Each structure stands twice: as C-alpha cells, then as structure tokens.
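Chemist: Could you look at this predicted model? Sequence included:
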Amino acid sequence: MLACSMAIAFLGSTAVRTIQEMLLAAAAVLSLHALLFMWFFNRNGSSGFSSSSTAEEVTRGVDASGLTAIVTGASSGIGTETARVLALRGVHVIMGVRNMASGREVKDALVREIPAAKVDVMELDLSSLASVRKFASEFNSSGRPLNLLINNAGIMATPFMLSKDNIELQFATNHLGHFLLTNLLLDTMKKTARESDIEGRIVNVSSEFHRYPYPEGIRFDNINDQSGYKRFLAYGQSKLANVLHANELTRRFKEDRVEVTANSVHPGLIATNLFRHYSFLTGLVGLVGKYVIKNVQQGAATTCYVALHPKVKGMSGQYFADSSIAKASLQANDAELATKLWDFSLDLVRRGSTPS
Ligand SMILES: NC(=O)c1ccc[n+]([C@@H]2O[C@H](COP(=O)([O-])OP(=O)(O)OC[C@H]3O[C@@H](n4cnc5c(N)ncnc54)[C@H](OP(=O)(O)O)[C@@H]3O)[C@@H](O)[C@H]2O)c1
C-alpha cells in the first residue's frame, strides 16, 4: 500500500515530465521497494553491519589518531557527519568547503562537542578547476601528510547550468573537480603511505543513481548538450563517473604497486540539502521517510566504514552500500569505459575549459 501511494505520488508529480523521467522515477521507486525490504528485515551484510548502523557504530574501537583526511562538502549533511566521526576517532580532518562561513560554523560546533578534535577548514569550490588547483597547492605546500581523501561533495538534479570552466555543472562538480583534486593530491598520498607504512584510502561517494545515467553512460561527445539534458540522467552520469573513477584509480594503483586504495559507496537515502531543487522529492521523503530513509548518522556509516575499518584493508575497486560490498551496475564495471572517462577527464582538466 505504502509503496503504491509512493509510486503514484512520485509518477504523478508535475516535476516528472518525460517518458525517460517517468521510467527513471519508476526505477527509483523500485529501488525504494528494495530499501523498504531491507529496512523491515534490517539484515546484516557481510561486514556484520546493517542499513541502520551508524558511523559511530561501524568505527567503534578504531584508533585513527595520527591519520589526516580531507573531506569535501563537509559543511552539510553526510560530509559533516563524516568529518565529525573521523575527528571523534582521532583523525585530523581538513574540511574542503565552498562556503567558508558555514564551514567555520560546522567546525566550531564540532570542536565544542569534541574538544580534542583536530579540524581545519579550507576553501574549495569543486565546480572551479582554478579553485581545486589553489586548494591542492595550498594543501601540498603545507607539508601535511594525507591518508584519507573523502570525495563527498555533490549536487543533485540541478537545472542545466555550466560550471566556471563551461562544463555541465553536475559532471563538473560531482566528478571532474574530484578527478582533478585526486590527481593533484596523489603524490602526497603516496608519500604518506610510503613513509607511514599505512595504506592510503580514497572514498568516492556515489549513489544507487549510478544505475540510471544516459543510455551511453557518459556523454563524451555532447557533455554540454543543453537540448538533450535530463537533470536526473545527468546526476546518474556523474555518479556513474564516481564509480568508474575509483575503479580506474584501482587499476592504475595496482599497475604501479601504489599503497593507496580507491572505493566507491552508496550512502543510502538520507534527507539532506541535496534535495533542495526538488520539493516533490522532499515530499516523497517526508511521506516514507520514517520508514525507509536513514538519518545522517546512518548515512555517513558506509563512508566511515570504508575509510577506517581494518576489514577493508587492501580492498580496492569495490562498491559498498550499508557498510558491505555490493554489486555496482554493469556499466560501472566496464573497464574500457573507465579508461575512456579517465582520458576524457584528463583532457578536460588540461584544457581547463569548454569541451569542443
Ligand atoms: N542524501 C542522499 O540521499 C544521498 C544518496 C546517495 C548519494 N548521496 C551523495 O552524498 C554526497 C553528500 O550529499 P548530502 O546528501 O550530504 O547533500 P548536502 O547536504 O547537500 O551536502 C553536499 C555538500 O556538497 C557541497 N558542495 C556542493 N557543491 C559544491 C562545490 N561546487 N564545491 C564544494 N562543495 C560543494 C555542499 O556545500 P554547500 O553546503 O555550500 O551547499 C555540501 O557541503 C553527494 O555526493 C551525494 O550525491 C546522497
């Protein structure tokens, strides 16, 4: 009954206009069914944790003092909770945020709660390649080590917009900014791993939406095509890119015997500011919220588990959900697509502007 009313509310929404969007909405409803099932039965996954485990629970007993992490998008939602729990476990957290005032507010609240927390705030706008370069250059020249990179920041289903570098905004923010950031920080991560003898970990926060990109996966030939733009498919494209990016990093790390891992995660469905462009989704979340969605404490669990848990040591190129290994889509496991995305992204950041 509940699922039916959700489907009707969702499919009937005026925001769901095209057949493609209706199909996508239907798929999202099906995913919600799966979530509903998981929630009611609340099964523990292979890690022993479940969808209701919190970030504190999945990292209980982990002493991470001495580690340094960068968390992007730590000024809100899952990123804030990730920063809090990493700091609670002793990690020195650098919050990469585009809004310094809200970043400082989050830091102050965090330090009030955990007086021993080591937290810094640095400006980072992932939709600007210049800002990413500035952030990485300041971080690298600070001489700090870097053990953990949490590529968390994201936007969802925005109207068509271009980034400061004239690249479709969701692809630019969710994927390309993180792609460049990761590349620029890699030498520091590798050096830290070598000198500390502790593996570095990169966590890309993706989404189950990676299963619903454009049919071709990534629109290499028309990434900026406004006429064919579908905001949810563009979000799916960017989240597929997050998984492909982690997989391609893994392939390269293995080839070069680098002691750094890269994984991607689906955090779950959590009511955060991510839904700001979609009042109908907020309504849907409100309707089923208390039954299926996670709170931010649960929403940050998979990220924190993959970043800190000893059981994840040596694992790379995996997709996690509910703090356990899960199966990503066929497209996400396409190694050729991952390499093609790498070359395409490298070309974009080298040119630093509009794709031809
Ligand atoms: N919530 C969910 O149900 C859900 C499900 C699956 C995946 N995810 C993924 O989880 C991640 C975190 O999302 P959330 O739910 O916590 O949403 P959120 O509360 O909106 O947080 C997103 C964070 O990203 C930051 N951000 C956005 N654009 C940025 C930019 N250009 N440069 C730097 N930072 C930027 C935001 O900064 P401001 O505070 O300045 O806006 C905010 O701190 C995203 O990657 C999202 O795709 C979320």
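Modeler: That came through, no problem. Computed from a predicted model, the values in this text were never measured in an experiment.

Chemist: okay, CA-based contacts and neighbour counts for the rest of this
Modeler: Noted.

Chemist: For the stretch 151-300 of the chain, just list every one of the helices.
Modeler: Remark: helices assigned in the stretch 151-300 of the chain by DSSP state H, counting those that start in this stretch are 169-170, 177-196, 231-255, 279-292, 296-299.

Chemist: hey, least reliable of these by pLDDT?
Modeler: Looking at the helices of the stretch 151-300 of the chain, the lowest mean pLDDT belongs to helix 279-292 (a mean of 64).

Chemist: Run through the residues that contact the residue nearest the centre of the chain.
Modeler: The centre of the chain sits closest to residue 205, judged by C-alpha atoms, centre = their mean, with a distance of 1.8 Å. By C-alpha atoms under 8 Å, 6 or more residues apart in numbering, the residues touching residue 205 are 150-153, 242, 264-267, 303.

Chemist: Against residue 228, how distant is it?
Modeler: Using C-alpha to C-alpha, to the nearest Å, one gets 26 Å for the distance from residue 205 to residue 228.

Chemist: Equivalent analysis for residue 308, please.
Modeler: Taken as C-alpha to C-alpha, the span from residue 308 to residue 228 is 41 Å.

Chemist: Which positions in the stretch 51-200 of the chain make contact with the ligand?
Modeler: 73-79, 97-99, 124-127, 152-155, 173 (C-alpha under 6 Å from any ligand atom).

Chemist: if you set the cut-off to 8 Å instead, what comes out?
Modeler: By C-alpha under 8 Å from any ligand atom, the residues of the stretch 51-200 of the chain that approach the ligand are 72-80, 96-99, 102, 124-128, 151-156, 173-174.

Chemist: List buried members of the residues you listed by neighbour count.
Modeler: The neighbour count (16 or more other C-alpha atoms under 10 Å) marks 72-80, 96-98, 124-128, 151-156, 173-174 as buried among those.

Chemist: Pull the residues that contact the helix or strand residue 340 falls within.
Modeler: Using DSSP states H and E, residue 340 maps to helix 335-351. Residues from elsewhere that reach helix 335-351 (C-alpha under 8 Å, 6+ apart): 129, 176, 179-180, 218, 220, 241, 244-245, 247-248, 331-332, 354-355.

Chemist: Please report the distance of residue 202 from the ligand.
Modeler: Look at residue 202 and the ligand: by C-alpha to the nearest ligand atom, to the nearest Å, they are 14 Å apart.

Chemist: which residues touch that residue?
Modeler: 148-151, 246, 260-263, 307.

Chemist: hmm, which two among the residues you listed are most spread apart?
Modeler: 151 and 260 (14.6 Å; C-alpha to C-alpha).

Chemist: sorry, back to before: of residue 308 and residue 228, who's got more company?
Modeler: With neighbours defined as other C-alpha atoms under 10 Å, residue 308 and residue 228 compare such that residue 308 has more, 21 against 10.

Chemist: Isn't the more buried one up against residue 64?
Modeler: Yes. In this structure residue 308 lies within contact range of residue 64 using C-alpha atoms under 8 Å: 7.4 Å.

Chemist: so where do the strands sit in the stretch 51-200 of the chain?
Modeler: Assigned by DSSP state E, counting those that start in this stretch, the strands in the stretch 51-200 of the chain fall at 68-72, 92-97, 118-123, 148-151, 200-205.

Chemist: now these as a markdown table including mean pLDDT and distance to residue 106?
Modeler: Output for the strands of the stretch 51-200 of the chain, formatted as a markdown table (pLDDT from 0 to 100; distance: least, C-alpha to C-alpha, whole Å):
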| stretch | mean pLDDT | distance to residue 106 |
| --- | --- | --- |
| strand 68-72 | 99 | 13 |
| strand 92-97 | 98 | 9 |
| strand 118-123 | 98 | 9 |
| strand 148-151 | 99 | 17 |
| strand 200-205 | 98 | 20 |
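
Chemist: would you turn these into JSON lines with distance to residue 296?
Modeler: Listed next are the strands of the stretch 51-200 of the chain as JSON lines, based on distance: least, C-alpha to C-alpha, whole Å:
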{"stretch": "strand 68-72", "distance to residue 296": "15"}
{"stretch": "strand 92-97", "distance to residue 296": "17"}
{"stretch": "strand 118-123", "distance to residue 296": "20"}
{"stretch": "strand 148-151", "distance to residue 296": "16"}
{"stretch": "strand 200-205", "distance to residue 296": "14"}
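
Chemist: tell me which helix or strand of the chain sits lowest on mean pLDDT?
Modeler: Ranked by mean pLDDT, DSSP states H and E, the weakest helix or strand in the chain is helix 2-11, scoring a mean of 38.

Chemist: gap between residue 336 and residue 74?
Modeler: To residue 74, residue 336 is 32 Å away according to C-alpha to C-alpha.

Chemist: sorry, that was for residue 194
Modeler: Taken as C-alpha to C-alpha, the span from residue 194 to residue 74 is 27 Å.

Chemist: again, but for residue 54
Modeler: Residue 54 is 17 Å from residue 74, by C-alpha to C-alpha.

Chemist: and if you look at residue 297?
Modeler: Residue 297 is 14 Å from residue 74, by C-alpha to C-alpha.

Chemist: got the buried residues for stretch 154-172?
Modeler: In stretch 154-172, counting by 16+ other C-alpha under 10 Å, buried: 154-158, 160, 162-172.

Chemist: what residues does it touch?
Modeler: 73, 126-129, 173-174, 223-224, 226, 229, 231-232, 234-235, 237-238, 274-275, 277, 352-355.
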